[in-house]
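K.L.:
After the sequence you'll find the predicted model.
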Amino acid sequence: MKIICIGRNYAEHARELNNEVPAEPIVFMKPESALIRDGKPFFLPDHPRDVHHELEIVLRVGRNGKHIAERFASTYIDRIGLGIDFTARTLQSELKSRGLPWELAKGFDGSAILGDWLTPEELGWPRLLSLRLEVNGEIRQSGDTGQLLFSFERIISFVSRYFTLKTGDLIYTGTPAGVGPVQRGDRLQGYLNERLMLQCKVC
Ligand code: ZN
């Protein structure tokens, strides 16, 4: 199983980190060992200095495919949910400034939180989906799929030119503005179309 992630897919988030808005999707991966599900806690690692939350809509791939045309891409999505792409931000900035890969800052144990799933039909997709992250009851991030630079179909088509998509693969589709650090004791709650779909405690 692969965890494919898209960077800077909301223009406001690209700007808040002083990054250029990309012309093509920015793609990176996390290892399977990064995954935490079923509401299990996230243990802050001791290596990075700061870990930021990035709430993202996650797609679960329902069948195998490669070189998928954009017009058929929606048929490859069998579930939609929420996830958190935890990021060691200072380490990522250092790696970026040195032109090095980001994996150490993005793929560490527990860096991919996964919440509950719904079918695209249950969510009314492709109608607009909204996402919101609350930390200790305060809104930190909110956005909707109308702000996406690259649609889900475009992402699936693009990444499947390079990687064969397989049933069960996950695609984290990027985060809206408002990313910030988490601390021990924080309680994170993610809402998709106003439904509570993800809960995570930071330990
Ligand atoms: Zn992300």
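P.N.:
It's in.

K.L.:
give the contact list for the nearest residue to residue 183 once chain neighbours are set aside.
P.N.:
Distance criterion CB to CB, 6 or more residues apart in numbering; nearest residue to residue 183, sequence neighbours excluded, is residue 202 at 6.6 Å. Where you see a C-beta, it was placed from the backbone N, CA and C, and this is true even at glycine. Shown in contact with residue 202 (CB atoms under 8 Å, 6 or more residues apart in numbering): 41-42, 44, 182-188.

K.L.:
Give me the number of neighbouring residues for residue 186.
P.N.:
For residue 186, the count of nearby residues is 17 (other CB atoms under 10 Å).

K.L.:
Kindly report the same for the one 4 residues further on.
P.N.:
Using other CB under 10 Å, residue 190 has 26 other residues around it.

K.L.:
same question, residue 193
P.N.:
18.

K.L.:
so the closest residue to residue 74 other than its chain neighbours is in which element?
P.N.:
Distance criterion CB to CB, 6+ apart; nearest residue to residue 74, sequence neighbours excluded, is residue 153 at 5.8 Å. Per DSSP states H and E, residue 153 falls inside helix 152-159.

K.L.:
And residue 97, its phi and psi?
P.N.:
Torsion angles at residue 97 (phi, psi; degrees, to the nearest 10) stand at phi -70, psi -20.

K.L.:
quick one, what contacts residue 134?
P.N.:
Taking CB under 8 Å, 6+ apart as the test, what residue 134 contacts is 140, 188-191.

K.L.:
Of the residues you listed, which is the most crowded?
P.N.:
residue 190 (26 neighbours).

K.L.:
Which strand or helix spans that residue?
P.N.:
Assigned by DSSP H and E, residue 190 belongs to strand 187-192.

K.L.:
That strand - which strands sit beside it in the sheet, and in what orientation?
P.N.:
strand 130-135 (antiparallel), strand 195-201 (antiparallel) (DSSP bridges).

K.L.:
Which stretch among these approaches residue 2 most closely?
P.N.:
Closest of those to residue 2 is strand 195-201, at 20.4 Å (criterion: CB to CB).

K.L.:
any idea how far the closest residue to residue 103 other than its chain neighbours is from residue 13?
P.N.:
Closest residue in space to residue 103, ignoring its immediate chain neighbours: residue 28 at 7.4 Å, by CB to CB, 6+ apart. To residue 13, residue 28 is 15 Å away according to CB to CB, to the nearest Å.

K.L.:
Looking at those two now, which is surrounded by more residues?
P.N.:
Taking other CB under 10 Å, residue 28 and residue 13 do not tie; residue 13 has more neighbours (23 against 17).

K.L.:
quick one: secondary structure of that one?
P.N.:
helix (DSSP: H, G, I helix; E, B strand; the rest coil).
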